[in-house]
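In: only geometry, no sequence info:
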């Protein structure tokens, strides 16, 4: 796979990101931030690859520490977002605004 | 179909779930499900990677999952809602650090020849490192372990400029000599230093911008790490986060009428600005008298700020709201985009106190009808209601969109003392004809008003 192909995908993803986020209301900015922050923990996938390759001691050590930090980011990020979103409640009675 | 194609197919599926998840975050009704979708995408991406051929040892991965997962879960469970901004900052920093480590480990996995790959490794390390230390400093400022004041020294720009030059030089040397680990250490060290230097000159009130910017960086770091290890899902997910963080940063800057460059480099709030002295008399009021005004009011708008978070006053505010509603008054909340220390900070606190989100109005929805409110209660907000932004042209915050509470019939400002807000700018609002200052701890003041209601 070549860099050009990756760059192409990069561009599309960035544009999509712009498009998705500009529609999020201010009320949800904090959960949005912590939720997207959890997604940035995707680096965990790369960490797993390094930690499990079993080829080089240094790579394994670096990979394992990366797994620890990325797992904190992913698990903590999703749980904290869920906890926050659980608090957002609608008014019980009918209300038009 | 071979294994690699299957993994890539799972990645596509994961990416779709991330996108759907982000999309569902745009409405409070679907947001929680959206977050679940997004976490499912993460799970699929990880499982698919674990099943790949390249993974031969599982014990270290398991160790990392157990340690990191437990720390993350405990932190997410135990943290108080008021400490949310610093928690998000810290999680973000760990993501950056992980990307730095992934980038570094790529050097040891296979001999790297390509200049492009080396450059992306260097980029993953640089962005990851600066995200890490920058987030740690932001965490320190938000949790008040270190002072929230901007740290400025003479020649700061020169030092930062030199630092950038050194970083570029070190990165080039590193790419030319990948086998020499010394250059790697230098790049890592410099990236850490850069993160510290970038965040220390920024004041606490500008933290919403910094947090969203660092959030963007952690995504970009993951993206660069994806290029370094040829992993497509890292590139896609990382750039989604990077883009979303940039948009959010832009929204925050617009809400302050300042450019990103101004936020990052001006050390706003260190230099107290204008020469214009504000003439007028401050009229103080007791909570008892405030009660009589509120009892007669038929519409009330509450403007919360960082002071509400500090005083932890969100629950008593909700109690006051219920009493006023029982008294047939309309109560809404007006939330400025940069009120508090992170984007949407006030909304989360009020949600914690069970305030329905329909009652939280954005600045643009409240301002046109401000004249119709009998009482505006400013609770721990200062700069976001500072009428100097409209009236005093040489004020540092002139032109910033504010919530025009002074157009309401009566304004109550709940405040500890006459000290100026974080921006260090005097507030003409306090001297207006229709403004009444109620001095004291915000929570205590509101509790007193509530007691008057029950008498």
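Out: Happy to help now that I have it. Because the structure is predicted, anything quoted here is derived from the model rather than measured. Residues are numbered from 1 along each chain as shown, chains lettered A, B, ... in the order given.

In: From chain A, how far out is residue B:308?
Out: Distance, residue B:308 to chain A, using C-beta to the nearest C-beta, to the nearest Å: 15 Å. The C-beta positions use only the backbone N, C-alpha and C, and glycine is treated the same way.

In: which secondary structure element contains that residue?
Out: Under the criterion of DSSP states H and E, residue B:308 resides in helix B:306-311.

In: Is it correct that residue B:308 is in contact with residue B:317?
Out: Yes. Between residue B:308 and residue B:317 there is a contact under C-beta atoms under 8 Å: 7.0 Å.

In: contacting residues around the closest residue to residue B:18 other than its chain neighbours?
Out: Of all residues not flanking residue B:18 in the chain, residue B:41 sits nearest, at 4.8 Å (C-beta to C-beta, 6 or more residues apart in numbering or on different chains). Counting by C-beta atoms under 8 Å, 6 or more residues apart in numbering or on different chains, residue B:41 touches B:13-18, B:21.

In: Export the residues you listed as CSV, with columns for distance to residue B:330.
Out: Formatted as CSV, the contacts of residue B:41 follow (distance: C-beta to C-beta, whole Å):
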residue, distance to residue B:330
B:13, 47
B:14, 46
B:15, 45
B:16, 43
B:17, 41
B:18, 40
B:21, 35
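
In: Among those residues, which ones are in helices?
Out: Applying DSSP state H to the contacts of residue B:41, the entries found in helices are B:13-18, B:21.

In: What is the nearest of these to chain A?
Out: Closest approach to chain A among the ones in helices among the contacts of residue B:41 (C-beta to the nearest C-beta): residue B:18, at 5.6 Å.

In: dump the residue contacts of that closest one.
Out: For residue B:18, counting by C-beta under 8 Å, 6+ apart, the contacting residues are A:39, B:38, B:41-42, B:236-237, B:240.

In: do you know how far it is from residue B:170?
Out: Distance, residue B:18 to residue B:170, using C-beta to C-beta, to the nearest Å: 34 Å.

In: same check, this time on residue A:37
Out: 29 Å.

In: Of those two, give the one with the bigger neighbour count.
Out: residue A:37 (31 against 21; other C-beta atoms under 10 Å in any protein chain shown).

In: on that earlier part again, what's the distance between the helix or strand following the helix holding residue B:308 and the middle of its chain?
Out: Downstream of helix B:306-311, the next assigned helix or strand under DSSP H and E is helix B:314-326. The chain centroid and the centroid of helix B:314-326 are separated by 27 Å, computed with C-alpha atoms, centre = their mean, to the nearest Å.

In: tell me what helix B:314-326 is packed against?
Out: strand B:299-304, strand B:330-335, helix B:345-352, helix B:442-454 (3 or more C-beta pairs under 8 Å, 6 or more residues apart in numbering or on different chains; DSSP states H and E).

In: Which one of these lies nearest to chain A?
Out: Of all the helices and strands packed on helix B:314-326, helix B:345-352 sits nearest to chain A, with 4.2 Å by C-beta to the nearest C-beta.

In: can you tell me which residues contact residue B:171?
Out: With contacts defined as C-beta under 8 Å, 6+ apart, residue B:171 is in contact with B:119, B:122, B:126, B:187.
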